[in-house]
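Provided below are the primary sequence and the corresponding predicted coordinates.
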Amino acid sequence: MNILWINHRDPRHPNAGGAEVRFREIARRLVKIGHEVTLLCENVNELPPEEVLNGIRIKRIGDKASIHILALKYVSKFGCKYDLIIDDIAHAVPWFSPIVTRTPVVAQIHHVHQEVLYIELPKHIAFFIAKLERTIPKVYSYIITVSRSTKEELISKFGINRKNIFVVPNGIDLTRFKPGPKDSKPTILWIGRIKKYKNLEDLLYAYKMIEYVVKNTQLIVIGTGDYEPRIRELSKKLRIKNIKFLGRVSEEEKIVWMQRAWVVVSTSIVEGWGMTITEAAACGTPAVAYNVPGLRDSIIHMKTGILVEPRNLKELVNAITSLLIDENMRTKLSENAYRYSQRLDWDLIACTFARIIEKIAYR
């Protein structure tokens, strides 16, 4: 099957994140089983307009705005050459491929952006993009999403028929993410793009209180983003001493910190899945996170981690503190998290994905 996959970024893009990891891991496995995959994505200066990565053809056109027009033109002209098109809607705005081609199209949606848009963007821009996102049920007949809770949001907020939504969770490279030595210090790990809706400041306020209860702790922050200056300023204001901002790190260093951490924390108010949560689980590290869509799928409450009420600092402090001081609880959740992660091998995920897109392509 000849597949065209449309996404803003490719795995080599300087701002590549979880959506690009998912693309890389699934697409290269689709190539291995005999499919052809072409990725149409935005261009960046330091990368060539075309190349082949892991057997995947990469075509880079336009910038993050113009690619929406250029992608439509490309699909209008060349869409008929493909057996299936995947519109990967990682940033709220649909690609609208079904409007210009008769080739079967499936949308992939990581999470619903509606409320997040008003946190991250000026109100008038947020309103416009939210309106575009709400066109999804009118444009697409079939949707793949990464979690059950995102599926339920698509049904409740957009009125999409549940029979047309397929859930394929994010996977883990189990050959790389595996348990390792724990740090001698009680170590809290936060990983992600530092955005306003990720609420890293909640963890800083919580950590300030945790320091008084659990001695010799350290907080490790991996990631960058436009909200980072505000977070660094708050860290200085709170006079937090044992905090390290590591910025963007290599995959190898990220894995080492996932192994060393005693607990990984997510304070985001929405996630499609929470890939770093399950990657840390494969390293034997339990999680504390807000009980929100996506994170409630990647964490099984009181088995692989602890879910707390969003923005409730008291609950956040108590949950993290409990895992740091209660070795029996931490060990139990760590073992459960590891066992749970073994179900999420990318090979199994890619096989499920392949079966679904084959059915859609040949209906």
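Cool, got the structure.

and the helix or strand hosting residue 39, which residues are buried?
Using DSSP states H and E, the element containing residue 39 is strand 36-41. For strand 36-41, the neighbour count (16 or more other Cβ atoms under 10 Å) marks 37, 38, 39, 40, 41 as buried. (Glycine included, C-beta is placed from N, CA and C.)

and the second one, what does it touch?
Residues near residue 38 by Cβ atoms under 8 Å, 6 or more residues apart in numbering: 2, 3, 4, 5, 56, 57, 58, 59, 82.

do the same with the first one
Residues near residue 37 by Cβ under 8 Å, 6+ apart: 3, 5, 27, 30, 31, 55, 56, 57.

element containing the second one?
Using DSSP H and E, the element containing residue 5 is strand 2-6.

let me see the domain layout of this structure.
Split into domains by automatic domain parsing, the chain comes to 2-171+345-361, 187-344.

next, the distance between the ends of stretch 60-68.
Using Cα to Cα, to the nearest Å, the end-to-end distance of stretch 60-68 comes to 12 Å.

who's in contact with that stretch?
Where contact means Cβ under 8 Å, 6+ apart, the residues beyond stretch 60-68 that reach it are 8, 10, 40-44, 47-50, 69-71, 74, 93, 95.

just the buried residues out of those, in ChimeraX syntax.
The buried residues among those can be selected in ChimeraX (16+ other Cβ under 10 Å) with this line:
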select :8,10,40,41,42,43,47,71,74,93,95
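
out of the domains of the chain, the one nearest residue 178 is which?
domain 187-344 (6.4 Å; Cβ to Cβ).

re the thing from before, next, the angle from the strand holding residue 5 to strand 36-41.
On the basis of axes from the mean of the first three to the mean of the last three Cα atoms, to 10 degrees, strand 2-6 is oriented at 20 degrees to strand 36-41.

what helix or strand is residue 257 located in?
Assigning secondary structure by DSSP H and E places residue 257 in helix 251-260.

for that helix, which positions count as buried?
In helix 251-260, counting by 16+ other Cβ under 10 Å, buried: 254, 255, 256, 257, 258, 259, 260.

now the domains of the chain in TSV, with mean pLDDT?
Formatted as TSV, the domains of the chain follow (pLDDT from 0 to 100):
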stretch	mean pLDDT
domain 2-171+345-361	96
domain 187-344	96
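
three-state assignment of the nearest residue to residue 291 once chain neighbours are set aside?
Distance criterion Cβ to Cβ, 6 or more residues apart in numbering; nearest residue to residue 291, sequence neighbours excluded, is residue 307 at 3.9 Å. Three-state assignment for residue 307 (DSSP: H, G, I helix; E, B strand; the rest coil): strand.

same question, residue 339
helix.

quick one: neighbours of it, just the number.
Per other Cβ atoms under 10 Å, the neighbour tally for residue 339 reads 12.

could you do residue 110 as well?
Residues within reach of residue 110, counting by other Cβ under 10 Å, total 25.

for it, what are its contacts?
Counted by Cβ under 8 Å, 6+ apart, residue 110 has contacts 18, 19, 89, 90, 145, 146, 150, 272, 273.

just the buried residues out of the residues you listed, in PyMOL syntax.
Buried residues within the contacts of residue 110, by 16+ other Cβ under 10 Å, are selected in PyMOL with:
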select buried, resi 18+19+89+90+145+146+150+272+273
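
so which of the contacts of residue 110 are in helices?
The helices in this structure, assigned by DSSP state H, contain 18, 19, 150 from those.

which residue packs closest to the first one, ignoring adjacent ones?
Once its chain neighbours are removed from consideration, residue 18 has its nearest residue in residue 275; the separation is 4.5 Å (Cβ to Cβ, 6+ apart).

spit out the contact partners of that neighbour.
For residue 275, the contacting residues are 18, 21, 22, 170, 298, by Cβ under 8 Å, 6+ apart.

now swap in residue 57 and tell me
Residue 57 neighbours (Cβ under 8 Å, 6+ apart): 36, 37, 38, 39, 50.

possible to save those as a markdown table with distance to residue 123?
Formatted as a markdown table, those follow (distance: Cβ to Cβ, whole Å):
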| residue | distance to residue 123 |
| --- | --- |
| 36 | 43 |
| 37 | 39 |
| 38 | 37 |
| 39 | 33 |
| 50 | 39 |
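
from the residues you listed, pick the one nearest residue 346.
Within the contacts of residue 57, proximity to residue 346 (Cβ to Cβ) peaks at residue 37, which comes in at 15.0 Å.

hmm, which two among the contacts of residue 110 are most spread apart?
Among the contacts of residue 110, 89 and 273 lie farthest apart (Cβ to Cβ), at 14.8 Å.

about what we covered before: now the residue nearest to residue 291, which residues is it bridged with?
Per DSSP bridges, the residues bridged to residue 307 are residue 289.

isn't it up against residue 295?
Yes: with contact defined as Cβ atoms under 8 Å, residue 307 reaches residue 295; the gap is 7.1 Å.

quick revisit: count of neighbours near the residue nearest to residue 291?
Close neighbours of residue 307, defined as other Cβ under 10 Å, add up to 19.

got the contact list for it?
Each residue near residue 307 by Cβ under 8 Å, 6+ apart is listed here: 289, 290, 291, 295, 296, 299, 301.

show me those that map onto strands.
If you go by DSSP state E, the contacts of residue 307 have 289, 290 in strands.

which two in the contacts of residue 307 are spaced the farthest apart?
Pairwise distances among these were taken by Cβ to Cβ; the largest, 11.7 Å, belongs to 290 and 301.

mind giving me the PyMOL command for buried ones among the contacts of residue 307?
Buried residues among the contacts of residue 307 (16+ other Cβ under 10 Å), as a PyMOL selection:
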select buried, resi 289+290+295+296+299
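
export the contacts of residue 307 to CSV and tack on distance to residue 125?
Output for these, formatted as CSV (distance: Cβ to Cβ, whole Å):
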residue, distance to residue 125
289, 29
290, 26
291, 29
295, 27
296, 29
299, 32
301, 36
